[in-house]
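K.L.:
sequence and predicted model, in that order:
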Amino acid sequence: MQRPLEGIVVIDFTAMVAGASCTRLLADCGAEVIKVEASDGGDLMRHVPPYQDGVGLIYALYNAGKKSVVLDLKSPAGLALARRLIEQGDIVVENFRPGVMARLGLDYETAAKINPRVVYCSISGFGQSGPLSDRAAYAPVAHAFSGVDMILSRQVDPDAPPLDNRLMIADVQAGHHAFAAIQTALVHRLRHGVGSHVDVTMAEGMMGLVGMQFQQTQGGLDYRTAGFPWFRTRDGYVNIPLVSPNTFRLACKVIGRDAWAADPDYASFTGMAVHREEIRAAIAAWTATRSSEDCDAIMNAAGAPCAIYYMPDQLLEHPHVVARGSFATIETASGGFKVLNPPFKISGTTCEAVPFVSELGADTRQVLADRLGCGEAEFAELCGEKAFGPDRVIVTPEIAS
């Protein structure tokens, strides 16, 4: 089956996680993603452990299926090549701090002049406009600003300090928002014939995660919502979320509390809140005598939602994950490793990781030949002009005939 974005060319100026996660999804969907990297080590994520056969596993997660081209954007020759690539591209994605691409002469206004149909996506912490737009921002900054870490912490204890969140949620969230917004911009181009500038922020993406709390605080309500706590089992933990009177009634029947299920003083949103501690104690007593798998099986068989708390190593071979094809395997000399596939499927197409990871600069000569018609003589001249960096000699296979 074809991939839905086959024929789309992406010029990728991203690094780290936010932008790279966006362009990885574009590659999964069939776009030709040309990742532009500096000669002095390339994307920093290349150097983050762990490694397998010299491949950074985290780098591979966000960059599988992309072609790596080395350009020195500080040299006139390298910059000229970048502009020629933009002229040939459908999509440009960058995640520099606002202003950097303009100083290089690679901003949207410049790109649109040489390629009016280009969809140009900028991913940043606070956006391309506003008082905070020029700030450096990584995921922890977006987490702090958005209110997410404070709200998560104070849902449990109203006097607690902010959550020490070590997950890069803001990065991945922004990458996924960018991926979706780019598709919308492509539809706009299809209908109107012109490209556009997509401005995606990490901070606003994170704010969307606590949208309910924004509405509650405007309505004079406590920002804290009813939690869905874990319950200890004989060998781990499960979550049994009582999200409605119906799920409450189903869970009550499982744990032998049929009277609660039939009592409106319990089986209502108000009743569940008033009797919260009593209800939780009864469920905890039931789960404590059973294994996590038994709790999960019994509750779900009765129609009551329940899930086991897993760690990543437990999910790699989980039957559901295997059946869904949630991972793709990238082969290496010592066996290979897995990377996540996109969290969606589109009927009649293939959307999954392209199972290769390019070495730094490995595709430079081939891309310049295929996209820009650059032959051996011009390539040698570009090397002399330091288009690929002051000290780098690109050692790659010969240009295919």
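P.N.:
Looks like it came in fine.
K.L.:
from here on, just use CA atoms for contacts and neighbour counts.
P.N.:
Will do.
K.L.:
what separates stretch 143-150 from the chain centre, distance-wise?
P.N.:
18 Å (CA atoms, centre = their mean, to the nearest Å).
K.L.:
pLDDT of stretch 1-11, averaged?
P.N.:
What stretch 1-11 shows for mean pLDDT is 96.
K.L.:
buried residues of it, list them for me.
P.N.:
Within stretch 1-11, the residues that qualify as buried are Arg3, Pro4, Leu5, Ile8, Val9, Val10, Ile11, counting by 16 or more other CA atoms under 10 Å.
K.L.:
out of those residues, name the ones that lie in strands.
P.N.:
In this view, the buried residues of stretch 1-11 that belong to strands under DSSP state E are Val9, Val10, Ile11.
K.L.:
just to be sure, Lys253 is in a strand?
P.N.:
No - the assignment for Lys253, made by DSSP: H, G, I helix; E, B strand; the rest coil, is helix rather than a strand.
K.L.:
next up, the contacts around Asp149.
P.N.:
His143, Pro162, Leu163, Asp164, Asn165 (CA atoms under 8 Å, 6 or more residues apart in numbering).
K.L.:
and what of Leu61?
P.N.:
Val339, Leu340.
K.L.:
go with 6 Å
P.N.:
Val339 (CA atoms under 6 Å, 6 or more residues apart in numbering).
K.L.:
sec struct for it, please.
P.N.:
Applying three-state DSSP: Leu61 is helix.
K.L.:
picking that back up, export the buried residues of stretch 1-11 to a markdown table and tack on distance to Ser334?
P.N.:
Formatted as a markdown table, the buried residues of stretch 1-11 follow (distance: CA to CA, whole Å):
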| residue | distance to Ser334 |
| --- | --- |
| Arg3 | 29 |
| Pro4 | 32 |
| Leu5 | 32 |
| Ile8 | 34 |
| Val9 | 32 |
| Val10 | 32 |
| Ile11 | 32 |
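K.L.:
circling back: which one (most neighbours) among the contacts of Asp149?
P.N.:
His143 (24 neighbours; other CA atoms under 10 Å).
K.L.:
can you pull the pLDDT of that one?
P.N.:
pLDDT for His143: 95.
K.L.:
can you confirm it is in a helix?
P.N.:
Yes - per three-state DSSP, His143 lies within a helix segment.
K.L.:
quick check: it vs Pro161, distance?
P.N.:
Separation of His143 from Pro161 (CA to CA, to the nearest Å): 14 Å.
K.L.:
before we move on, what about Leu167?
P.N.:
17 Å.
K.L.:
ok, Pro264 next?
P.N.:
37 Å.
K.L.:
OK, contacts around the most centrally placed residue in the chain?
P.N.:
Note on the chain: the residue nearest the mean C-alpha position is Val172, at 2.8 Å, using CA atoms, centre = their mean. Going by CA under 6 Å, 6+ apart, Val172 touches Ala18.
K.L.:
next, work out how far apart it and Leu242 are.
P.N.:
With CA to CA as the criterion, Val172 and Leu242 are 29 Å apart.
K.L.:
could you do Asp363 as well?
P.N.:
With CA to CA as the criterion, Asp363 and Leu242 are 53 Å apart.
K.L.:
now do Phe344
P.N.:
27 Å.
K.L.:
give me the pLDDT for Trp230.
P.N.:
So Trp230 comes in at 94 (pLDDT).
K.L.:
excluding residues flanking it in the chain, which one is nearest it?
P.N.:
Asn239 (4.8 Å; CA to CA, 6 or more residues apart in numbering).
K.L.:
now the one you found: phi and psi?
P.N.:
phi -120, psi 130 (degrees, to the nearest 10).
K.L.:
which residues does it contact?
P.N.:
Trp230, Cys306, Ala307.
K.L.:
what's the closest of these to Gly105?
P.N.:
Ala307 (51.0 Å; CA to CA).
K.L.:
the stretch 251-400 of the chain: strands as residue ranges?
P.N.:
Taking DSSP state E, counting those that start in this stretch, the strands of the stretch 251-400 of the chain run over residues 307-308, 327-330, 337-340.
K.L.:
and for Cys252, the neighbour number?
P.N.:
Neighbours of Cys252 (other CA under 10 Å): 21.
K.L.:
tell me how far it lies from Val210.
P.N.:
Distance from Cys252 to Val210, by CA to CA: 30 Å.
K.L.:
and if you look at Ala31?
P.N.:
Distance, Ala31 to Val210, by CA to CA: 33 Å.
K.L.:
which one's more surrounded, the two?
P.N.:
The neighbour count for Ala31 versus Val210, taken as other CA under 10 Å, is higher for Ala31 (23 against 16).
K.L.:
so who does the more buried one touch?
P.N.:
Counted by CA under 6 Å, 6+ apart, Ala31 has contacts Leu5, Glu6, Ile8, Val9.
K.L.:
any chance of the residues you listed in TSV, with distance to Arg371 too?
P.N.:
Conversion of these to TSV gives the following (distance: CA to CA, whole Å):
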residue	distance to Arg371
Leu5	18
Glu6	16
Ile8	13
Val9	10
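K.L.:
mind listing what's buried along the longest helix anywhere in the chain?
P.N.:
Counting residues, the longest helix found in the chain (DSSP state H) is helix 169-192. Within helix 169-192, the residues scored as buried using 16+ other CA under 10 Å are 169-179, 181-182, 185-186, 189.
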